[in-house]
Each structure stands twice: as C-alpha cells, then as structure tokens.
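Chemist: After the sequence you'll find the predicted model.
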Amino acid sequence: MDEQPIIIKRKKVVAGGHHGGSWKVAFADFATAMMAFFLVLWLTATASPEQIKAVEGYFRDPVGFTDGGSPNPVDLGGSASVVNEASPDEASSQIQIKDEVVDQLSETLEQRRMEELFQELKDRIEQNQTLQEFKDQLLIDITDEGLRIQIVDRSGRPMFDSGRAELKYYSQDILFELAKTLGSVDNKLSLTGHTDATPFKGRPGYTNWELSADRANTARRALVAGGVGQEQIGRVVGLSDSVLFEKSDPTAPVNRRISIIVLNKRTAQDIQDSAGKGEEPLIDLTKPTEEEKQEAMGRLESGEWLEEKPEPEPGELNW
C-alpha cells in the first residue's frame, strides 16, 4: 500500500473581518469633501454680488479671466483673507508708478529720440552731396525747446536776395533735403526768421519785422513742398534783429538766418496752452458797449451803411 502525502492547510486570520480598515480612508475623504463644501457655502453666503460674480468668472475661464482685479475676492471683515501670492519667480502684474516718475521717463525717452535725430541729421549731411556742400551754413544743437537747426547766411552766399523773401535755388535745395528727415518725425516744428540790424529801406511801412516773418513763412512753404506735413507746423515767427546770433557785430551775415526747431512735447504743449482759449478775460475790448450797439442799429435802420465810401489816395494806408 502506497503512502499518501501529508497536506497541511493553514487558515489566514484577518483582523476586522472581510472589510478590514479601508473604510477609514473613505470616511476621511468624505469628511474633507463635506468640510470644503460647507466652507464654500459659508463664503458664498457672506460675499457681495460683485465678489460672487468675480469668483464665478474666474472658475469659468481661469486663464483668460481679467475682471475682478482684486487679490482678495472675498473680504472676511478682519479675519483671514484669501490672497493670491505670486511665486518668487513671478513678478506682480500691477505696478504703480508716480506721475513724476512717468514724466521723467517720458522726458528721458524724448531726449534720447532728439539725440538719435541729431545723429541722423549729421549722417545725412555727411552723405548727401547737396547738404555737404553747404554744411558750413548748417548749425545743429539741442536746446530746452528741442532739436534746433539754423541755416545762416555766409559772405557771398545768402539764403535770400537782399531785402526779399524769395529763396535762392540752393537754399531751397537745402530745405528740401532737410524735409526728408523732418517729415519722418511726429514732433511739431517751429520756424523763426531773423535779420541783421541793417534797417530795411525797401518800401514804406515794411520793416525787418515783416521781412523776417515773410522769410520764415517762405521756409515753411519749402519744407511742406519737400515732404513735411501741414499739421507738423506748430509756429512761424519773425523776430527781426531782436535775437542776434553775433551780438558783437549786429550787421554780420550770420545774423540773417532761419531757425527750425523740432519741438519736444512739453514745449509744443506750452505753445498750445498759451495760445489757446484761457479763462474769461478781465477786460474784453471786442465787446461793444450799449451806446455802440444803439449807434450800429441806427445805421442799419437808416441805410447809411449802403453809402459808398471814398477810395483812399495812392500810398495812403486804409487800415
């Protein structure tokens, strides 16, 4: 008789029966979820409609959401607030800069732009044959008002004929070449005409004041014809011999010149503010008095204004 193998069966005893301790983990998750749920209900009940709308917008589109803007969407009235702190390598998107700092940065950037324009003009003068020929008549510097370009007379080579406002052909070429650069900037331009101290003796009633203003206006027309926009012109002035370049020699040719200034933003704004409409004038000389109103009404009713006026004599001023 063959011997049967001995089989030993061992029963594994599991503490706690068939379910074990996994229910504890499930209950902990449930308790955590319920705590979060009741916390959301509490926060929603204490939040204002605007705050609820901001939170709702965030959960609808967390990436593209921009409304709301507050880092504390729910204000708990002195208790802990929900704060979105930026990580150490993430800069805050809200930066507050004082107005003085903004103005200073703007002036610095504009000063840098003026220096770049200064260098650009210098390069154009060196590379352009027309400007190169007359570079001894071009004076360029940076002033408080902006970048200034002065075109001066030299002995035997004036910009205008004596006592006249018509440009010489080469002076017109200079302005055309400068207009190619000046027309590319957004700044306003100021044009000023200057004469020397020699009195003008061309015709009665016409002085160096009229001559300097006419020459500045002639330069304006040449710049516009060369490519400068009409809207760029901010000021056209004639100063006669009131601002001499060579004060030791009032009749020197260099005193006869045209100044073109690329105005910085501050100066252009000052011109607008000073020339624009201000406060109500204390004395308005243009407003007629009651007597003048009655006199004008009497003329209108009588028909006196229809009578022909005598023509002025030749050479007589009618203004």
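Modeler: Noted; the coordinates are in hand.
Chemist: which ones are touching D241?
Modeler: If you count contacts by Cβ atoms under 8 Å, 6 or more residues apart in numbering, D241 has them with H194, T195, D196, A197, N208, P250, N255. Yep, even glycine has a C-beta here, placed from its N, CA and C like the rest.
Chemist: Report whether it is found in a helix, as I expect.
Modeler: No: using DSSP: H, G, I helix; E, B strand; the rest coil, the assignment for D241 is coil, not a helix.
Chemist: Now do the SS call for the residue lying closest to it once chain neighbours are set aside.
Modeler: Excluding its sequence neighbours, the residue lying closest to D241 (Cβ to Cβ, 6 or more residues apart in numbering) is A197, at 4.4 Å. Following three-state DSSP, the label given to A197 is coil.
Chemist: I figured A197 was touching D249, is that so?
Modeler: No: look at A197 against D249 with Cβ atoms under 8 Å: they stay out of range, at 9.1 Å.
Chemist: Identify the residues contacting the residue nearest to D241.
Modeler: Counting by Cβ under 8 Å, 6+ apart, A197 touches D241, L244, P250, T251, N255.
Chemist: Using the three-state scheme, assign R235.
Modeler: Per three-state DSSP, R235 ends up strand.
Chemist: If you could redo that for L191, that was the one I meant.
Modeler: Classified using three-state DSSP, L191 is strand.
Chemist: where does L138 sit relative to G183, distance-wise?
Modeler: With distances taken as Cβ to Cβ, to the nearest Å, L138 is found 17 Å from G183.
Chemist: got it, and Q119?
Modeler: Q119 sits at a distance of 18 Å from G183 (criterion: Cβ to Cβ).
Chemist: Derive a PyMOL selection command for the buried subset of the contacts of D241.
Modeler: To isolate the buried members of the contacts of D241 in PyMOL, using 16 or more other Cβ atoms under 10 Å:
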select buried, resi 194+195+196+208+255
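Chemist: could you pull out the strands for the stretch 101-250 of the chain?
Modeler: Along the stretch 101-250 of the chain, the segments classed as strands by DSSP state E, counting those that start in this stretch run 138-142, 146-152, 189-194, 233-238.
Chemist: Just give the nearest non-adjacent residue to A252, would you?
Modeler: The shortest distance from A252 to any non-neighbouring residue, by Cβ to Cβ, 6+ apart, is to E246 (4.3 Å).
Chemist: how about that neighbour, what does it touch?
Modeler: Each residue near E246 by Cβ under 8 Å, 6+ apart is listed here: A252, V254, N255.
Chemist: Test my guess that the first one contacts H194.
Modeler: Okay, so that is A252. No: using Cβ under 8 Å, A252 makes no contact with H194, being 11.5 Å away.
Chemist: Can you work out which residues contact both of these two?
Modeler: In terms of Cβ under 8 Å, 6+ apart, A252 and H194 are both contacted by the residues F245.
Chemist: just the helices in this protein please.
Modeler: Assigned by DSSP state H, the helices in the chain fall at 22-46, 49-60, 99-127, 129-133, 169-182, 208-226, 265-275, 290-302.
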